[in-house]
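> Could you work out the structure for the sequence below:
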Amino acid sequence: MYWRRAAADFNRGKGRANRASLRGLVASGQLPGLLAYLDGAPVGWCSVAPRNAFPRLERARALQRIDAEPVWSVVCFYVARAHRRQGVSVALLEGAAWLARRRGARILEGYPVDPRESDYADAFAWTGTAAAFRAAGFTEARRVSPVRPIMRRELGA
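Numbers count the residues shown, from 1 in each chain. Prediction:
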């Protein structure tokens, strides 16, 4: 819910209220993201929707819109610890591209970290890594911050 709510609302709702908001999205029929399964068990999740579903993106200076093109955005991931660094994020990005294309999107965008050190803590990579986005066919569209590129993937018609 971080990207879907204003900072003050998110901070007030930490914990139970934010979880209830996410459940409310699901109950309303909106699809807030995708789950990745391995052998029938969930191992990962990513949040994907049209960019305008994430108002906090509009206020992030380093993540301002590149142009007026309508885009879908992948804004965060969770991968279970035992399944990290095994391609789950790349599989989720492939699924996000499939879903966005199916819903009419022509461009999918993400806002990963591109750490300078190889021992970057997983906890700080919740928006994904540039390496995973590149592996899923994304290219860097802009970089305002040294460690935060905006990555894009053209989805075609």
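
> For the protein, give me the ranges with low pLDDT.
Across the chain, residues meeting the criterion (pLDDT under 70) sit at 1-13, 17-18, 20, 22, 24, 26, 117-124, 157.

> what's the domain layout of it?
Using automatic domain parsing, the domain parsing of the chain gives 1-30, 32-154.

> Make TSV out of those domains and add mean neighbour count.
Using the backbone N, CA and C atoms, a C-beta is placed for each residue, glycine as well. Shown next, in TSV, are those (neighbours: other C-beta atoms under 10 Å):
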stretch	mean neighbour count
domain 1-30	13
domain 32-154	17
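
> can I get the CA coordinates of the longest strand along the chain in PDB?
Using DSSP state E, we find that the single longest strand of the chain is strand 41-50. C-alpha atoms of strand 41-50 as PDB (Å, rounded to 0.1, in the frame of the first residue of the first chain):
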ATOM      1  CA  ALA A  41       3.000 -22.900  -2.700                       C
ATOM      2  CA  PRO A  42       3.200 -19.100  -3.000                       C
ATOM      3  CA  VAL A  43       6.800 -17.900  -3.100                       C
ATOM      4  CA  GLY A  44       6.600 -14.300  -4.400                       C
ATOM      5  CA  TRP A  45       4.400 -11.400  -5.100                       C
ATOM      6  CA  CYS A  46       4.600  -8.200  -7.100                       C
ATOM      7  CA  SER A  47       2.300  -5.100  -7.300                       C
ATOM      8  CA  VAL A  48       1.300  -4.100 -10.800                       C
ATOM      9  CA  ALA A  49      -1.300  -1.700 -12.000                       C
ATOM     10  CA  PRO A  50      -1.700   1.400 -14.200                       C
END
